[in-house]
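K.L.:
3D, please:
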Amino acid sequence: MLAAALAGCGGSSSSRDTSTPPERADPPAAAPLGWSRLVNGAAGFSLSLPPGWTNRGSAGGSTLVRSRDRALAVAVSADRSRDGAGDPPTTYVDRTVRNLAGYRGLSVGRAVAVPGLHYPAASVTAIGTFRRTQVRQAITLYALHRPGSVTYALAVFRSAKTPAARYAPYLRILLRSFRARPAQV
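P.N.:
Numbers count the residues shown, from 1 in each chain. Predicted coordinates for the structure are as follows:
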């Protein structure tokens with residue numbers, strides 16, 4: 001459901017422009033004690049998951065990660081289209097968040113660079129009511145970019161009533177652990 005919302009944003013294509021050089025795999029980051037490593041071969045990434053967090057892949061290669069308490073979801077996808085390979089992260093998140101489907105009254109913040117990650121990155125926040133459930137959600141969309149190859153979109157969804165600080169330490173480690181690898185077709 002959440003991954004499907006992100007897939008409709010123009011940011012989840014796994015088709016590859018054959019004129020670009022082949023991707024290389026970056027070694028996975030060391031997972032903190034008690035955390036597990038998630039590897040998605042179809043989309044081409046790895047990341048660390050906190051204890052008790054779950055993940056589920058989709059046929060399109062995206063992954064849905066859920067917090068232990070199920071109050072937070074992270075939809076992760078890879079975009080190897082021309083936009084994904086070429087757009088700067090701030091442009092990418094700005095365009096993608098404005099195309100999120102299924103929200104009423106979506107209020108979008110300004111895209112900002114996210115320092116300290118393994119790849120050039122940006123984020124943008126938004127808040128709106130998810131039509132299907134009528135739940136007001138806080139959304140943070142991250143774009144991690146490998147110039148000339150791929151942009152990974154990580155869309156974080158939580159109830160607007162749930163404080164962001166509850167998950168901030170976990171998300172910080174998850175984002176810092178994110179590593180790219182070639183997609184397995």
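K.L.:
Just say helix, strand or coil for the residue nearest the centre of the chain.
P.N.:
By C-alpha atoms, centre = their mean, the chain has its centre lying nearest to Leu154, at 0.9 Å. When states are read from DSSP: H, G, I helix; E, B strand; the rest coil, the local structure at Leu154 comes out as strand.
K.L.:
Please name the spatially closest residue to it (chain neighbours excluded).
P.N.:
With C-beta to C-beta, 6 or more residues apart in numbering as the criterion, Leu154 has its nearest non-adjacent residue at 4.3 Å, and that residue is Tyr142. (Each C-beta comes from the backbone N, C-alpha and C, glycine too.)
K.L.:
Spit out the contact partners of that neighbour.
P.N.:
Val93, Val114, Ala121, Ala122, Ser123, Ala153, Leu154, Ala155, Val156, Leu175 (C-beta atoms under 8 Å, 6 or more residues apart in numbering).
K.L.:
which one of those residues has the most neighbours?
P.N.:
Val93 (31 neighbours; other C-beta atoms under 10 Å).
K.L.:
Can you tell me the SS state at that residue?
P.N.:
helix.
K.L.:
Going C-terminal from the worst-scoring helix or strand of the chain on mean pLDDT, what's the next secondary structure element?
P.N.:
Ranked by mean pLDDT, DSSP states H and E, the weakest helix or strand in the chain is helix 2-7, scoring a mean of 44. Sequence order places strand 36-40 as the next helix or strand after helix 2-7, per DSSP states H and E.
K.L.:
What segments of the protein are helices?
P.N.:
According to DSSP state H, the chain carries its helices in the segments 2-7, 82-86, 89-98, 168-177.
K.L.:
Adding distance to Ala183, write the ones you listed out as a markdown table.
P.N.:
Putting those into a markdown table (distance: least, C-beta to C-beta, whole Å) gives the following:
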| stretch | distance to Ala183 |
| --- | --- |
| helix 2-7 | 15 |
| helix 82-86 | 12 |
| helix 89-98 | 18 |
| helix 168-177 | 19 |
